[in-house]
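A.B. asks: Below is the sequence, then the predicted model.
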Amino acid sequence: MEERNELYPVFLKVNKLNILIVGGGNVGHEKLHFLLKSSPNANVEVVAKEFLPETESLAKKHGLKITKSRYKKKQLKKRHVVIAATNDEKLNKRIYTHAKKRFLLANIADTPHLCDFYMGGIVNKGHVKIAISTNGKSPTTAKRLRQFFEEVIPENINQMVENLNEYRSTIKGDFDEKVNQMNKITESLKAKKVSND
């Protein structure tokens, strides 16, 4: 049987969740950078004994709390998500164990079997956001797919989203009728795109 990706994609409102990142080095900075790139209002605290200067300036720019200290399990209190990104494998595993005891979602950097979720490639054009996962197998493939979608999705996609949303609110009838009408409209948009190419 062919292996398949069984991950379930969700879009988290990270401005309403309490997220802890442990680690102030390159990996911690990368996790913070990509989180804020996608969600500039994410509610994040970063804990580490030392921070890269660029991590400190990124946190300051977004008004985030950075705590210069060793990790302590009490820092997981009132959290929803924890990301362990230290260069200490034993510490990362300990953070995972503490997180699981509190039923927190955890991402342990570069350790797929200790991750409840992956931070995949993200394409963002206005209201449209596409998350790409290779099941933790190939970040390079995810990157190439992201670049492809960034090229093919038009810059004015927001206008189409807004127009279709307005049109949807004017449709009368039950759910099936609304779905059928929306399908007809989007099929004609696809046909126009194909004929223009």
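C.D. replies: Good, I have the coordinates. Numbering: from 1, shown residues only.
A.B. asks: Distance of the residue nearest to the spatial centre of the chain relative to E162?
C.D. replies: Nearest to the geometric centre of the chain sits M119, at 5.4 Å (C-alpha atoms, centre = their mean). M119 sits 29 Å away from E162, going by C-beta to C-beta, to the nearest Å. The way it works is simple: take the backbone N, C-alpha and C, and place the C-beta from them, glycine included.
A.B. asks: V46 is in contact with G25, isn't it?
C.D. replies: No. Counting by C-beta atoms under 8 Å, V46 does not reach G25; the two are 10.9 Å apart.
A.B. asks: Quick one: the strands in this structure, in order.
C.D. replies: Taking DSSP state E to define them, one finds strands in the chain at 19-22, 44-48, 65-68, 81-84, 105-108, 121-125, 128-132.
A.B. asks: Tell me which strands the last one pairs with, and in which orientation.
C.D. replies: Just to be clear, that refers to strand 128-132. The sheet places strand 128-132 alongside strand 121-125 (antiparallel), with pairing taken from DSSP bridges.
A.B. asks: for the protein, what are the low-confidence residue spans?
C.D. replies: Applying pLDDT under 70 to the predicted model, the residue ranges of the chain that meet it are 189-197.
A.B. asks: can you pull out the helices in it?
C.D. replies: Under the criterion DSSP state H, helices of the chain are mapped to 26-38, 53-61, 89-101, 139-152, 157-170, 175-196.
A.B. asks: Enumerate every residue touching the closest residue to A59 other than its chain neighbours.
C.D. replies: Taking C-beta to C-beta, 6 or more residues apart in numbering as the measure, A59 lies nearest to I66, with 4.7 Å between them; neighbours along the chain are not counted. Counting by C-beta atoms under 8 Å, 6 or more residues apart in numbering, I66 makes contact with G24, E45, V46, V47, A48, F51, T55, E56, A59.
A.B. asks: OK, contacts around the second one?
C.D. replies: Applying C-beta under 8 Å, 6+ apart to E45 gives the contacts N18, I19, L20, I21, L64, K65, I66, T67, Q75.
A.B. asks: what is it paired to in the beta sheet?
C.D. replies: L20, K65.
A.B. asks: And it, how far from L64?
C.D. replies: Noted for E45: a distance of 7 Å to L64, by C-beta to C-beta.
A.B. asks: Settle this for me: A109 is touching I83, isn't it.
C.D. replies: Yes. Counting by C-beta under 8 Å, A109 sits close enough to I83 to count as a contact (7.1 Å).
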